[in-house]
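Undergrad: Pasted the sequence and its predicted model underneath.
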Amino acid sequence: MKVLAELNPGLTLAEAIDQVADSLDNAKLAFGHGTEDAEEEASWLVLAASEEQMGQPDYDWERLLGVDEISAINELLKKRVSSGQPLAYLLGEAWFAGLRFKVDPRVLVPRSFMVEWIDEQFAPWVNPDEVDSILDLCCGSGCIGIAAALALEAKQLVLSDLSAGALEVAAINSAEYLADDNVQLHQGDMFSGIHRKFDLILCNPPYVSTERMDTLPAEYVSEPDMALRAGDRGLDFIAPMLQQVRHYLTDRGVLIVEAGSASLEMERAWPDVPFTWLGTAHDEMVLFVMTAAELDQYKQQLDSFSV
C-alpha cells in the first residue's frame, strides 16, 4: 500500500501542483493518458479538483487554495494512486485537439499522434476541399473522427466500433460537437456492415503485441483489452484492414493509421511496400498514410501477407 503525504491548507495553486507532482513521482505511476509526466498530470489533477475552470489560457498560480479545495485534491490524488486508473477515468473526461470528451472504461483514454496532424488538416496528404466523408474506424470515444470532421469541415462522419459501449460514449461526444444529420454510428467488426466509400479513413486500431501486453502498467490494463491487444506481432487488425480497406475508399481517398508499436513489424511484414510515415514530435514511425492509388499499386504485396 502506497503511503501519501497529504497536502496541508495554506498552499498556492503552484505549490499544490509541485507537491502533487512529487507524490505522483514517488508512487511510480505510469503516464501517457493525456499527460506526459508527473508535472503535467499534477497540473491537470489540481486544476480539476480545485475551483478553477478547465481550459483557461492562464491561471493565478499564486492564488491560495481553500480548505475544501485542498481536501478535494487530496481525495483525488488518493484515488489516482490507489486505483492505478488513468486520471481521465476518475474525472470522466479528457482533452483531445483542444476539445473536451466524455470518457469511461468502455473506451481508450483519448490520445493519438494524429492530433498533431489534425490541427494541420493532414496537409499536404489531404485536401480539405476533397473530403466530404470520413470514417473513424475503431472510433472508441470518437475523439479522432470528431476532431477531424471539425477541422476539415466534413459533411459526413461515420463512427464505427465493435464495442456497443464505446459507441454509447461516442454518441454523447458527437452530440456535443456535431449535428445529428452529419454523424452516423455503426457497430461492426472492421468493415462488416459498411456498404459505402469514404474520402478519408482514420484508424487507431489495436496494435499491441501479446508480449508487450504482458508488460503494460496498471493504467493501460485498465483500458479495454480489445482496443489494445493485436496478437503475437501486433498486426491482427492492421493486416486484414490493409487488405480490405481499398473497397471503402473513393478513388481520391486517403487512409491514415496509427500503427504505434507495430510499425517495425509492418516494415518486416511488407518490405516491398514503401509506407509513408508521418513524423510527430515523439516518434518518426507511428503514423502512416496511404492513398487509394497506392493501395491499388501494392495490392499484391499487401494481400500476400497473413498473420
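TA: Received it, and whenever you're ready, just let me know what you need.
Undergrad: where does the protein have low pLDDT?
TA: 1-3 (pLDDT under 70).
Undergrad: 80 - rerun?
TA: Judged by pLDDT under 80, the chain has its weakly predicted residues at 1-5, 54-55, 282-283, 307.
Undergrad: Looking at it, which strand is longest?
TA: Counting by DSSP state E, the longest strand found in the chain is strand 249-258.
Undergrad: Just the buried residues of that one, please?
TA: Neighbour-count burial for strand 249-258, counted by 16 or more other CB atoms under 10 Å, picks out L249, T250, G253, V254, L255, I256, V257, E258. The way it works is simple: take the backbone N, C-alpha and C, and place the C-beta from them, glycine included.
Undergrad: what comes into contact with it?
TA: 112-114, 117, 122, 125-126, 130, 133, 197-205, 207, 238, 241, 245, 278, 286-293, 295 (CB atoms under 8 Å, 6 or more residues apart in numbering).
Undergrad: Now list the buried members of these.
TA: If we count by 16+ other CB under 10 Å, the contacts of strand 249-258 have these buried: 112-114, 117, 122, 125-126, 133, 197-205, 207, 238, 241, 245, 278, 286-292, 295.
Undergrad: And the helices in the stretch 51-200 of the chain?
TA: For the stretch 51-200 of the chain, applying DSSP state H, counting those that start in this stretch gives helices covering 67-83, 87-91, 115-118, 143-152, 164-177.
Undergrad: Let me know the angle separating the last one from helix 143-152.
TA: Helix 164-177 runs at 30 degrees relative to helix 143-152, counting by axes from the mean of the first three to the mean of the last three CA atoms, to 10 degrees.
Undergrad: so S141 touches D104, yeah?
TA: No: in terms of CB atoms under 8 Å, S141 does not count as a neighbour of D104; the distance is 9.0 Å.
Undergrad: Need the overlap of contacts for these two.
TA: Contact criterion CB under 8 Å, 6+ apart; residues shared by S141 and D104: V169.
Undergrad: more neighbours, the two?
TA: Set side by side, S141 and D104 show more neighbours around S141, with 29 against 16, by other CB atoms under 10 Å.
Undergrad: Just give the nearest non-adjacent residue to the more buried one, would you?
TA: Once flanking residues are discounted, S141 sits nearest to V107: 4.4 Å by CB to CB, 6 or more residues apart in numbering.
Undergrad: ok, the residue at minimal distance from the centre of the chain to V286 distance?
TA: Against the mean C-alpha coordinate of the chain, by CA atoms, centre = their mean, the closest residue is R111 at 2.7 Å. Look at R111 and V286: by CB to CB, to the nearest Å, they are 12 Å apart.
Undergrad: what's the answer for L4, then?
TA: Relative to V286, L4 is positioned 34 Å away (CB to CB).
Undergrad: Next: S141.
TA: 19 Å.
Undergrad: repeat for Y59
TA: 32 Å.
Undergrad: can you check M114 too?
TA: For M114 relative to V286 (CB to CB), the value is 9 Å.
Undergrad: and what of G140?
TA: 17 Å.
Undergrad: Same check on H186?
TA: 26 Å.
Undergrad: got it, and F275?
TA: For F275, the distance to V286 - CB to CB - is 11 Å.
Undergrad: what does D58 give?
TA: The value you get for D58 to V286, if CB to CB is used, is 31 Å.
Undergrad: D236 too?
TA: 18 Å.
Undergrad: just D119 next, same as before
TA: 16 Å.
Undergrad: can you check G165 too?
TA: Taken as CB to CB, the span from G165 to V286 is 26 Å.
Undergrad: would you list every one of the strands in this protein?
TA: So, for the chain - with DSSP E - the strands run 93-96, 99-102, 133-137, 156-161, 183-187, 198-203, 249-258, 276-278, 287-291.
Undergrad: elements contacting the fifth one?
TA: I take that to be strand 183-187. strand 156-161, helix 164-177 (3 or more CB pairs under 8 Å, 6 or more residues apart in numbering; DSSP states H and E).
Undergrad: Now do the longest one: everything it contacts.
TA: Helix 164-177 is contacted by residues 99, 101-104, 106-107, 139-143, 146, 150, 157, 159, 161, 183, 185-187, 224, 227 when judged by CB under 8 Å, 6+ apart.
Undergrad: buried stuff in it?
TA: A166, L167, V169, A170, A171, N173, S174, Y177.
Undergrad: Closest one to D25 out of those, please.
TA: The shortest approach to D25 among those belongs to V169, at 30.8 Å (CB to CB).
Undergrad: how many neighbours does the closest residue to V115 other than its chain neighbours have?
TA: Distances taken as CB to CB, 6+ apart place A97 nearest to V115, at 5.1 Å, with adjacent residues excluded. Neighbourhood size, A97 [other CB under 10 Å]: 19.
Undergrad: next one: T215
TA: T215: 9 neighbours (other CB under 10 Å).
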